[in-house]
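Undergrad: Sequence and predicted structure are below.
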Amino acid sequence: MNEISPRRIVIGDVHGYYQGLMILLEKIAPTSAEKVYFLGDLIDRGPQSAQVVDFVKRNNYDCLLGNHEQMLLNAINNNKFNSNQTIQAWLYSGGQATITSYQTAQIPQEHLDWFENLPTYMDLGDVWLTHAGVDPNKSVSEQTAEELCWIREEFHSMEQPYFSDKLIIVGHTITFTLPGVAPGQLAQGQGWLDIDTGAYHLRSGWLTGLDITNNLVYQVNVFNNSVRTLPLEDAVTIVEPKEIKNSRRHRQRV
């Protein structure tokens with residue numbers, strides 16, 4: 001009898017959709033022996049960021065620093081707001097929904113401390129997790145939180161995989177913003193796989209969990225609570241580097 005390996009589950013950007021996350025995890029049904037990883041951006045835009053953070057923290061799930069957690073930390077220090085510029089940047093990007101979700105004047109210090117200590121990447125051997133991607137022109141040791149939490153086009157348009165023996169799995173960039181990718185579809189390029197299917201966005205609503213052990217995609221639509229499970233091969237669109245570069249040139253002209 002073949003031994004069944006414990007699954008490794010990677011979950012994309014939740015953005016405060018706690019109820020959707022609960023439905024997704026009910027569908028996935030991870031056991032205590034299985035690993036669940038979050039790619040960051042637990043917070044902002046959706047209505048229940050505080051509940052999402054409390055749940056992930058309380059269950060000791062592995063979680064990466066996303067650009068939205070980084071914006072929060074830039075805006076708040078010891079529960080005091082920093083410069084008006086950093087505050088406005090965060091609030092404009094969905095921070096007001098996060099503040100509202102805490103139903104108090106202050107975000108708990110334990111949550112701020114937890115955000116502060118989130119890693120920017122995780123190396124699982126065959127898979128490398130980070131929120132946004134990597135700068136293809138820098139070594140791993142040279143990557144900063146700026147690249148790992150924020151990079152987009154330079155990473156997605158890589159002509160060669162960054163690692164020869166690892167797949168990079170990211171969130172951050174909503175997949176349907178990449179050329180030829182439909183809402184709800186994952187996107188794959190040279191050595192990377194993007195699973196941020198835009199849970200908060202009205203064009204999508206899909207929150208994605210990826211079983212990297214069995215190449216299965218679990219999704220819930222946070223707006224209507226529909227769920228689906230697909231083989232990875234049926235849920236992913238291949239994106240060519242030249243398509244991304246051409247799309248970038250077009251946007252720059254406009």
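TA: Arrived safely, thanks for sending.

Undergrad: now stretch 110-119, how far from the chain's geometric center?
TA: 17 Å (Cα atoms, centre = their mean, to the nearest Å).

Undergrad: Secondary structure element holding Asn246?
TA: helix 241-253 (DSSP states H and E).

Undergrad: make that His111, sorry
TA: helix 109-116.

Undergrad: And the next helix or strand past that helix?
TA: Following helix 109-116 in sequence, per DSSP H and E, is strand 121-123.

Undergrad: and that following strand, how far from the chain's centre?
TA: A distance of 13 Å separates the centroid of the chain from that of strand 121-123, by Cα atoms, centre = their mean.

Undergrad: ok, residues contacting it?
TA: Applying Cβ atoms under 8 Å, 6 or more residues apart in numbering, the external contacts of strand 121-123 come out as Tyr37, Asp62, Leu64, Trp128, Leu129, Thr130, Val140, Gln143, Leu148, Lys166. Bear in mind the C-beta positions are built from the backbone N, C-alpha and C, glycine included.

Undergrad: partner strands of it, parallel or antiparallel?
TA: strand 127-130 (antiparallel) (DSSP bridges).

Undergrad: Go ahead and confirm Val10 touches Gly40.
TA: No: judged on Cβ atoms under 8 Å, Val10 makes no contact with Gly40 at a distance of 11.3 Å.

Undergrad: Can you list the low-confidence ranges for the stretch 101-250 of the chain?
TA: 248-250 (pLDDT under 70).

Undergrad: Tell me, how many residues neighbour the closest residue to Asn67 other than its chain neighbours?
TA: Setting aside the residues directly before and after it, Asn67 is nearest to Cys149 in space (Cβ to Cβ, 6 or more residues apart in numbering), at 4.3 Å. Neighbours of Cys149 under the rule other Cβ atoms under 10 Å: 23.

Undergrad: Tell me which helix or strand Cys149 sits in.
TA: Here Cys149 sits within helix 145-150, counting by DSSP H and E.

Undergrad: so how far is Asn84 from Phe163?
TA: 41 Å (Cβ to Cβ, to the nearest Å).

Undergrad: higher neighbour count, these two?
TA: Higher neighbour count among Phe163 and Asn84: Phe163, with 15 against 9, using other Cβ under 10 Å.

Undergrad: Assess the claim that that one and Gly191 are in contact.
TA: Yes: the pair Phe163 / Gly191 is scored as a contact, 6.2 Å apart, by Cβ under 8 Å.

Undergrad: now, which of the contacts of strand 121-123 sits nearest Thr213?
TA: Using Cβ to Cβ, Tyr37 comes nearest to Thr213 of the contacts of strand 121-123, at 12.1 Å.

Undergrad: Need the phi and psi values for that closest one.
TA: Main-chain torsions, Tyr37, degrees, to the nearest 10: phi -120, psi 140.

Undergrad: Show me where the chain has its helices.
TA: Listed in chain order, the helices of the chain (DSSP state H) span residues 18-28, 49-58, 67-75, 84-90, 96-102, 109-116, 145-150, 153-156, 232-235, 241-253.

Undergrad: any chance of the ones you listed in TSV, with distance to Trp206 too?
TA: As requested, the helices of the chain are exported to TSV (distance: least, Cβ to Cβ, whole Å):
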stretch	distance to Trp206
helix 18-28	9
helix 49-58	16
helix 67-75	18
helix 84-90	25
helix 96-102	19
helix 109-116	25
helix 145-150	22
helix 153-156	19
helix 232-235	10
helix 241-253	21
